[in-house]
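[1] No sequence on hand, only this structure:
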């Protein structure tokens, strides 16, 4: 998988970075990762997709090689920044179909992009998007007002996440079959260790995404999510893990029932099913995107 770096200075003044394949005239996939990851941590799945598509991997604020950028600017602004970067780079690929693929947080950001700019993508595949049901968003808003949202379980767990290891081998062995990495394919875990970690100035290796940034995202939520979801007209396939979050399943079902552009497919696995079985996830993505004709 041949990739080259790109960068974009956002209107907020910090720089987003990522990688893209050399434009070949094939359809291009715009890929957004989940919270705490980066584009290349999905390399096993992306390598299979690269057989049929060009790739544009975008790392959001404070993830991968993108700048920390001060405070987290929020889900909605993150979508604006991602769209800025994509518009700036889109012309390199010529007049070819562009598709959105995202995982978890990155899926929701993709939704916000499609809602704001309906013609940005021809088709989309969302991998286990964390679609908070309206009642849950209401509770999150109330918790935010009284200062409790940032203390939720996921945010608190992220702050406690180990972020430094003596070397990559120690990181691999320390993460294998633990927590969110349980069930991951060995190649997917290796991709995470290779690309989501960097050499630390203090020696050893550390997470590129600071636990505090991961916690900021877990301690926040997208504004006006359901009005945005109602505006998505891009033909979209949602792949949902059969062992993933029940709240997300409720949100996905609600969205599909109210929006004819949305399809849903249940797949085997947890929230990171594409890291458990990269080949199966890539095949499902290819099948839907290739049906665009």
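    Looks like it came in fine. Predicted, not measured: the structure shown is a model, and the values here were computed from it.
[2] Low-confidence regions, the chain specifically.
    138-156, 158-160, 292-293 (pLDDT under 70).
[3] what are the ranges of the helices in the stretch 51-200 of the chain?
    75-90, 105-116, 134-145, 153-159, 168-175, 186-195 (DSSP state H, counting those that start in this stretch).
[4] Show residues contacting the last one.
    In this case it means helix 186-195. 37-45, 64, 168, 171-172, 175-176, 181, 184, 275-276, 278 (Cβ atoms under 8 Å, 6 or more residues apart in numbering). All C-beta atoms are positioned from the backbone trio N, CA, C, and that covers glycine.
[5] Out of those residues, which end up buried?
    Buried members of the contacts of helix 186-195, counted by 16 or more other Cβ atoms under 10 Å: 37-45, 64, 171-172, 175, 181, 184, 275-276, 278.
[6] right, so the helices of the stretch 51-200 of the chain: which one is the most enclosed?
    Among the helices of the stretch 51-200 of the chain, the stretch with the highest mean neighbour count (mean count of other Cβ atoms under 10 Å) is helix 105-116, at a mean of 25.
[7] Next, count neighbours for residue 179.
    9 (other Cβ atoms under 10 Å).
[8] ok, it - contacts?
    Contacts of residue 179 (Cβ under 8 Å, 6+ apart): none.
[9] Now do it against residue 36, distance only.
    Distance of residue 179 to residue 36, computed by Cβ to Cβ, to the nearest Å: 11 Å.
[10] do residue 84 as well
    Relative to residue 36, and taking Cβ to Cβ, residue 84 is found at 23 Å.
[11] what does residue 196 give?
    If you measure residue 196 against residue 36 using Cβ to Cβ, the figure is 8 Å.
[12] returning to what we had before: can you add distance to residue 30 and give the helices of the stretch 51-200 of the chain back as TSV?
    Formatted as TSV, those follow (distance: least, Cβ to Cβ, whole Å):
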stretch	distance to residue 30
helix 75-90	6
helix 105-116	8
helix 134-145	26
helix 153-159	26
helix 168-175	28
helix 186-195	18
